[in-house]
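Trainee: I'd like to go over a predicted model; first the sequence, then the structure.
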Amino acid sequence: MNKRIKCLILLILAFIFFYISLNPLFQTQKIRKSSLPEEKRLKKLPPEIAFTTILLGGFRGILTDFLWMRARKLQEEGKYFELVQLSNWIGLLEPNLPQVWRFNAWNLSYNISVEFPTPEERWNWVYQGIKLLRDKALKYLPDSPDIYSELAWIYFNKISSPIDEFSYYYKRRWAKIMKDAFGNIKLDEMIKYSSYENLMKDKEVVKIVNAFQDKGLDIFKDWEEISKNNFSSLPKELKVYLGKKSFRKIEAYIRGKILREKFKLIPEDMREIEKKYLPLDWKAASSHSLYWIEEGRKKTDMEDIDYERMVYFSLNYLLEWGKIDFKQFGDEEIMIVSPYLEIADILNKYYEEILENLEEGFSTGVKSSHRTFLRKVILLSYTMHNLKTANKYFKYLKKHYPGEVGNLTISGYIAKQFYTTIKEGGQREIFGLLYGILYQSFWYLGIGEEERYKGLESLAKSIYNHTASENPKFKNLFPTFSHLKKNVLERAISSFPPPISKNLRRRFMH
Amino acid sequence: MIRKIFSLAYLTVKKHIFTFGFISLSIIFFLIPFWCSYLQGDGTSEGKFKVFVTYSFLLSSIILITVNIAFSCVSISDELKKKTMFLLDSKPLKRGQVILGKWIGFLFLNFLLILSFLLSMSLFSVFLSKKIKSNFKEEKNIFLTYAQVSPYSFISGEEEKSKLKKRETYAIPPGGKITWNFKGIKNASDIYLTFKFYTSKKEEKEITGYWLIGNPSMEKPVEILTEFSQNEVHRLKIPSECVSKKGQLQITYINIDPENISVLFNKEELKIRYPWKNYWDNLVRSGFNLLLVTGFISAMGIFFSAIVSTLTAAISTSVLIFISYLHGFTELIVKSLMGEKKIFAYFSYLLLKFSLFILPPLNKFLPHIYIEDSLILPFSYLKNVFLKTTIFGAVPILILAILYFSKRELGVFNE
């Protein structure tokens, strides 16, 4: 063979082998491109990310390792004060990995928070985890479904559900934050007055802004100080503006801005969610788990199962704790958590849709869950003294699950929920149950929740009557219902805070 | 002789002080606390201040160490390379005086950098405390520091054990008791015993304990019944009347847990903690601490600079300083090699043991660990740092450098 041809063949072979050997390299580059920020994307990134990804170069990895090791070591030693900072830095060094943000947020909200004994300290860490995801992770990874899911999960699991022993405190803290953020302004107003330019077209608004400026206050920048303690620190000359329509417009603009910038909540999207479901009480943490999962669904390619699961969980908790109010009793501010019974219709529809699409063999588990849900709705409605809803769902239950109800009336069915205590419990257990329900009913009466009181009282009466019919000895062992009620009332008056006891006394003296 | 050394030190300072590098460094040291004052902490006033202090000290120590390696490793070898050493050698100066003069010069330069840092720390501490006051509702004196005292002896059962060093835990069997003796407590108000204990039970269990707290001059000790869970650091408030005027305190623990299990107290975690001095005292002590550490590093740099070229000196010094930082890790290896009987392991053991002996544990000798916990740097700690970094560190290294440098030929470059 010609020497030249031999060389040519060898050269071609060399190229082929070279190309084959390069193939893994191409693959690696492909993986890198998909996981690391592209150059174009990098240009849009905030300077801190550009700094960490470009300037640090290969040292980024070493620095990240060092920070991970330090975070781990400090956590083991029980030194937590640096961990928020370290989690932020780790996130900045690996901004494109949602797992890193998720892990660190979970670590702050779950692992570290439980190391602290007081609810105040714990809340700080729970909220740090939320802030890490909401303020940092979403800034760098706005299209990651994982971040939205995790954020929704923390709101649902850590704050809404009773998984943590201080979850009631967390609910209260979050409700207070939202109460302060909303003030008396409605979502629609925030949406209407969201543009600064349009707001300043109103001459009255300009007049108010100037009046504040003359007193050395920038109404937009110093809002926190101005609105402190319900505007109590404002000078007299400025207080006259508080009741004016234009002031409300300014307030709506500022509060909307705070929601957008501080809490990353978009009033327009919140309104959209309310249209989809029902008007929500944004003081309830479950409303926020619903918000973030809906945002995730809208802005990312979130999987159906993740989305549906979180929507279901959120609605379920909204049903139980979806309405929150604060009432002032003397110096004490009491949080009242009530069920959001209207949610039951949405959830019931949700169950019906699932059951419709499921084959008979696979529906046993869902049916059982549906039954539990119906039972919960009936009980909640009954204790809320919402007998219309209770009856509606009782009939529904009777129609779809006749075996569950049998020949019982609604009050008999309610009492049946406490079957084990009534049937197998001793005198002490039954007495304890009745005492607890009545005590709670007086609490609600004391704070002005009349319907709740009536609901709980009739629940106690149903249990009492049912027990008496089941257990003939009962009447001899127990005081009469009115006697029992009187006993509990006396105890309640002596142990409740003075303003609440005063309400009760006033009520029962008449 | 001292005059000659100081004039050489003066020359060294003069050579560096007005350079662009030194001025930039002073500015950087001034800016470190400024930057750290913007770090967020854990959301509490205390956390924010702790992060500020920790990172200011951490960053400044890293920069100080790097700068010292860079400056000191150039010192002699560069003079040899540029042949300016001949000029010095022709003057009525001993070569040892050249070495000492340079070291003292570096010490002074370090002093200036640390001073710049401490001034900035003081300024930004005040600034930050004001910021914290306006941003946080909680009222806490963040400038208060605490002193810690470990027991100097203990009595377990009938026998007194004075060799505490060998024990890692204090074990109290069911029904048994232990008495710890403390002395040198200078402030009796707001005083706590901090401790951590374990049991053989894995789950979170609350252990019932009975405490008798008093001092030898007290007639009847104060009795306290506690229920604490294992594996956590606890704080037990000590009544102020239990501390004698001489600062003595005696604490007895009786294991009365009904489940009949032994309780093991962690020795490291069992300490008396009380408010003592303040943050400003700590700053001054920390500055002194940093100066001692940098003195050791510059001595090592000068030593290598007298023997080898600048680059080799820098690498050698960096490696040794790095090992010095990994003191804890080396200690672990030494422990693991103790039982090995192979020749290699035995040789490694001796070598590592030697390195542990000659190199001070720099990771433990920097002030930020103390200062971040609001603990005052005790004089005993500073004495230990001084002994290990200066008396057994810098001084022998400098003597070696002087001995070698006095005998060497100046015409040959360092390789």
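Mentor: Alright, I've got the coordinates.
Trainee: ok now the helix or strand where B:L59 lies, how far from the chain's centre?
Mentor: In this assignment (DSSP states H and E), B:L59 forms part of helix B:45-81. The chain centroid and the centroid of helix B:45-81 are separated by 15 Å, computed with C-alpha atoms, centre = their mean, to the nearest Å.
Trainee: now stretch A:210-217
Mentor: 38 Å.
Trainee: What residues sit buried inside that stretch?
Mentor: Judged by neighbour count (16 or more other C-beta atoms under 10 Å in any protein chain shown), stretch A:210-217 contains these buried residues: A:F212, A:L217. All C-beta atoms are positioned from the backbone trio N, CA, C, and that covers glycine.
Trainee: Could you pull up the mean pLDDT of it?
Mentor: For stretch A:210-217, the mean per-residue pLDDT is 88.
Trainee: Repeat that for stretch B:386-394.
Mentor: Averaged over stretch B:386-394, pLDDT sits at 92.
Trainee: burial count for A:R60?
Mentor: By other C-beta atoms under 10 Å in any protein chain shown, the residues close to A:R60 number 16.
Trainee: pLDDT at the spatially closest residue to it that is not a sequence neighbour, what is it?
Mentor: Distances taken as C-beta to C-beta, 6 or more residues apart in numbering or on different chains place A:L93 nearest to A:R60, at 5.6 Å, with adjacent residues excluded. A:L93 is assigned 85 on the pLDDT scale.
Trainee: so A:L93 makes contact with A:L67?
Mentor: Yes - the pair A:L93 / A:L67 is scored as a contact, 7.0 Å apart, by C-beta atoms under 8 Å.
Trainee: Could you name every residue contacting both of those two?
Mentor: Here A:L93 and A:L67 have no joint contacts, going by C-beta atoms under 8 Å, 6 or more residues apart in numbering or on different chains.
Trainee: so what pLDDT did the one residue in the stretch 151-300 of chain B that gets nearest to chain A get?
Mentor: With C-beta to the nearest C-beta as the measure, B:V233 is the residue of the stretch 151-300 of chain B nearest to chain A, at 6.5 Å. We have a pLDDT of 82 for B:V233.
Trainee: Map the structural domains onto the sequence of the chain.
Mentor: By default, I'm working from chain A. What automatic domain parsing lists as the domains of chain A is A:49-141, A:179-329, A:341-416, A:419-509.
Trainee: meant chain B actually
Mentor: Following the assignment in automatic domain parsing, chain B carries domains at B:2-140+B:278-326+B:363-407, B:151-269.
Trainee: Quick one, which of those gets closest to A:P142.
Mentor: A:P142 lies closest, by C-beta to C-beta, to one member of the domains of chain B: domain B:2-140+B:278-326+B:363-407, at 22.1 Å.
Trainee: buried ones in stretch A:279-295?
Mentor: A:280-295.
Trainee: One more: stretch B:60-74?
Mentor: Quick answer for stretch B:60-74 (16+ other C-beta under 10 Å): B:S60, B:S61, B:I63, B:L64, B:I65, B:V67, B:N68, B:I69, B:F71, B:S72, B:C73, B:V74.
Trainee: what would those residues look like in CSV with distance to B:D257 and pLDDT?
Mentor: CSV is the format used below for the buried residues of stretch B:60-74 (distance: C-beta to C-beta, whole Å; pLDDT from 0 to 100):
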residue, distance to B:D257, pLDDT
B:S60, 48, 93
B:S61, 45, 91
B:I63, 52, 93
B:L64, 50, 93
B:I65, 49, 93
B:V67, 55, 93
B:N68, 54, 94
B:I69, 54, 94
B:F71, 60, 91
B:S72, 58, 93
B:C73, 60, 93
B:V74, 64, 91
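Trainee: one step back: what are the neighbouring residues in contact with the residue nearest to A:R60?
Mentor: Residues counted as contacts of A:L93 (C-beta under 8 Å, 6+ apart) are A:T52, A:L56, A:R60, A:L63, A:T64, A:L67.
Trainee: Where helices are concerned, which of the residues you listed count?
Mentor: Within the contacts of A:L93, residues falling in helices by DSSP state H are A:R60, A:L63, A:T64, A:L67.
Trainee: Would you mind listing what in chain B touches chain A?
Mentor: Residues of chain B found near chain A (C-beta under 8 Å from any C-beta of the partner chain) are B:39-44, B:46-47, B:50-51, B:54, B:233, B:372.
Trainee: Can you tell me, leaving aside adjacent residues, what's nearest to B:I224?
Mentor: Leaving aside its sequence neighbours, B:I224 sits nearest to B:W211 (C-beta to C-beta, 6+ apart; 4.3 Å).
Trainee: hmm, back to that, let me have the ones in helices among the contacts of A:L93 in JSON lines, extended by pLDDT and distance to A:I447.
Mentor: JSON lines is the format used below for those (pLDDT from 0 to 100; distance: C-beta to C-beta, whole Å):
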{"residue": "A:R60", "pLDDT": "82", "distance to A:I447": "56"}
{"residue": "A:L63", "pLDDT": "85", "distance to A:I447": "55"}
{"residue": "A:T64", "pLDDT": "87", "distance to A:I447": "52"}
{"residue": "A:L67", "pLDDT": "88", "distance to A:I447": "49"}
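Trainee: Neighbour count says what about those residues? Which are buried?
Mentor: A:R60, A:T64, A:L67.
Trainee: any idea how far A:G58 is from the second one?
Mentor: I take that to be A:T64. Noted for A:T64: a distance of 11 Å to A:G58, by C-beta to C-beta, to the nearest Å.
Trainee: hmm, back to that, just checking, next helix/strand downstream of the helix holding B:L59?
Mentor: Using DSSP H and E, the next helix or strand after helix B:45-81 towards the C-terminus is helix B:84-89.
Trainee: measure A:D202 to A:F18 for me?
Mentor: Remark: distance between A:D202 and A:F18 (C-beta to C-beta) = 72 Å.
Trainee: for B:D89, same thing?
Mentor: Counting by C-beta to C-beta, the gap from B:D89 to A:F18 is 61 Å.
Trainee: quick one, which of those two is more surrounded?
Mentor: More neighbours surround B:D89 than the other of B:D89 and A:F18, with 13 against 9 (other C-beta under 10 Å).
Trainee: Burial check on the closest residue to the more buried one other than its chain neighbours, number of neighbours?
Mentor: Among residues not flanking B:D89 along the chain, B:L410 sits closest, at 5.9 Å (C-beta to C-beta, 6+ apart). Applying other C-beta under 10 Å, we find 14 residues neighbouring B:L410.
Trainee: So for B:L410, what pLDDT did the model give?
Mentor: 72.
Trainee: hang on, it in a helix?
Mentor: No - assigned with DSSP: H, G, I helix; E, B strand; the rest coil, B:L410 falls outside any helix and is coil.
Trainee: on that earlier part again, which two in the ones in helices among the contacts of A:L93 are spaced the farthest apart?
Mentor: Within the ones in helices among the contacts of A:L93, A:R60 and A:L67 form the most distant pair, 10.5 Å apart (C-beta to C-beta).
Trainee: which helix in the chain runs the most residues?
Mentor: I went with chain A, as the question did not name one. helix A:3-35.
Trainee: hmm, I had chain B in mind actually
Mentor: Longest helix in chain B by number of residues (criterion: DSSP H): helix B:95-135.
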